[in-house]
Structures are given as C-alpha cells and as structure tokens.
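1. here is my input; please provide its structure:
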Amino acid sequence: MDEIYRHRSRRRHSAYKGQPRRPSHLPHLLHKNGNGKQSSANIYSDDNGLTWHRGKSPNDGRINDSGQVSDSQEMNGLSELTESQIVELNNGHLVQFMRNTGGSSGKVAVSVSADGGETWGDVTYTEAPEVYCQLSVIHCPDLINGSEYVLMSNPDGPSRSNGALRLGKVNADDTITWEKSKMFRSGNYAYSCLAAMSDGNYGLMYEHSNAIKFTSFNLNFLDEDITPEQSCNHQHKL
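-> Residues are numbered from 1 along each chain as shown. A predicted model of the protein is given here:
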C-alpha cells in the first residue's frame, strides 16, 4: 500500500537519462509492505501529472544497522524509514531526508538520487537528532556567502519537544554540514512545515500543544538574541 504524504516538490532541472522532466512533481510516499512495515519513497511525473511512476525506495538494497540487506517489499522493522522531505540541489541531485523510525542511530537519515528519483544511493545519517517525528526541510533559494544551504525544522528532544531550526551547508559530495542550530519553540513541538516566502523571509507552521501555530523569520534569527518576528525587521546579514 502506498500512502501519499502531504509534501510535494517541483523539480527545477529538466533532464535525467536524456528524458525531459519539466515540469515535474515528486509527491513523497510511505510504502507499506506485506509485513506492515513502511519505507520512504516517491512518485514522479514526466508529463506534468498526466502519468506517474514510483521510484525505488532508499530501502531497496540498503544495508541496515544490523548488517542486513533490505528490500522495501520484504523488510522488517529494523529498516523502517517513514515520513520524508525531498529537496533538489543546484546540481540537480535530489536529497531525501527521512524519519528514521527503525534505526538505532537517533539521527535523521538521508539518501541522494542522481537520476530524478528513480533510484537512491546509500542511506547515511546527518548529525541532526531524530526523535521519532516528522521533519521539514527546504532548499534555501539564494546562495549564502557563495555557498548552497538547506534549512530544517524538527524537534530537538527529548521526545517531541523543543523545536529547532538548523541551517546546513551543502558540500560538493551532496552531504550536509549543519553549521547553525537554534531552539525555536520550547516545550511541545511536533509536525512542522517550512516555506520560503516572496518577501525574502521564511514561514514556519508547526504543531504546539494541540494547536497549529505560524510565524515568519529570517536567518538572522539563528545568530541574534531576537524573536523570530523581530528578525523579519532586521536586514539580512548572512
């Protein structure tokens, strides 16, 4: 069973394996196998949504934390990777950030696709904690000091608490180095959704104590002793 998750990416790069793929879309999936276990995946369209294809899961052929070779159709709970977010890098590669439900590392899992989501590389772990909760990641629309960055929101823990924003530099090998992190909301913090807004700021919608909250901020918030709302009135310095 494939359960369509709510985030969707629109790719900017046009060709993979010689096939035109613009405009194209990448809804993210939770693929549930016959054992009731889930795997992150995606579907893609080459014709603006008229037809769809499901790419492989990062779990297909993966060596999990116990040294077992995974298959998304047959795997057990040790390999579960569930809710995910896909961002497109400037080189056209896709990076899938995943809720690491079955892993032992306690870190956000990532995998890279160089063919538009048809196949995925090895599953590795970032330094960002994963406390059994959905996460939100977006690609920063502008370079910062000449470098490419992504921005992530997720709970810092323990459990679903203490929401944090993390700014990660994209390295030449598509790995992410988290350079800055700051607590955004103390106390309960669960699912969230980031967006880059047309005024140059960022928007963040998140769950807090059984309510949906929204605020806007810019990246100065990560460096200065100001509230997210106050950062929107400061000239961007990064």
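2. run a quick neighbour tally on Phe214.
-> Phe214: 9 surrounding residues under other CB atoms under 10 Å. Heads up, the C-betas are built off the backbone N, CA and C, glycines and all.
3. could you do Ser105 as well?
-> Number of residues near Ser105 (other CB under 10 Å) recorded here: 13.
4. tell me which element Ile138 falls in.
-> strand 136-139 (DSSP states H and E).
5. C-terminal to that strand, what's the next element?
-> Strand 136-139 is succeeded, C-terminally, by strand 149-155 (DSSP H and E).
6. helix or strand next in line after that following strand, which one?
-> Downstream of strand 149-155, the next assigned helix or strand under DSSP H and E is strand 161-170.
7. so that following strand versus strand 149-155, what angle?
-> 160 degrees (axes from the mean of the first three to the mean of the last three CA atoms, to 10 degrees).
8. quick one on the thing from earlier: list the neighbouring strands of the strand holding Ile138 plus their orientation.
-> According to DSSP bridges, strand 136-139 forms sheet pairs with strand 149-155 (antiparallel).
9. before we move on, back to that, please identify the buried residues of the strand holding Ile138?
-> 136-139 (16 or more other CB atoms under 10 Å).
10. wait, isn't Leu135 in contact with Asn154?
-> Yes: here Leu135 reaches Asn154: they are 3.8 Å apart, a contact under CB atoms under 8 Å.
11. ok, the two, which is more surrounded?
-> Asn154 (28 against 23).
12. can you list contacts of the strand holding Ile138?
-> Applying CB atoms under 8 Å, 6 or more residues apart in numbering, the contact partners of strand 136-139 are 7, 85, 87-89, 97, 148-154, 192-196, 202, 204.
13. again, 6 Å this time
-> 85, 87, 97, 150-153, 192-194 (CB atoms under 6 Å, 6 or more residues apart in numbering).
14. over to stretch 149-158?
-> 87, 129, 131, 133, 135-140, 161-169, 189, 192, 194, 204.
15. and if you look at stretch 49-57?
-> Outside stretch 49-57, the residues that reach it (CB under 6 Å, 6+ apart) are 31, 39, 41-45, 72, 117-119.
16. let me know the closest of these to Phe214.
-> Asn42 (26.8 Å; CB to CB).
17. follow-up on the earlier one: which of the contacts of stretch 49-57 scores worst on pLDDT?
-> Of all these, His31 carries the smallest pLDDT score, 61.
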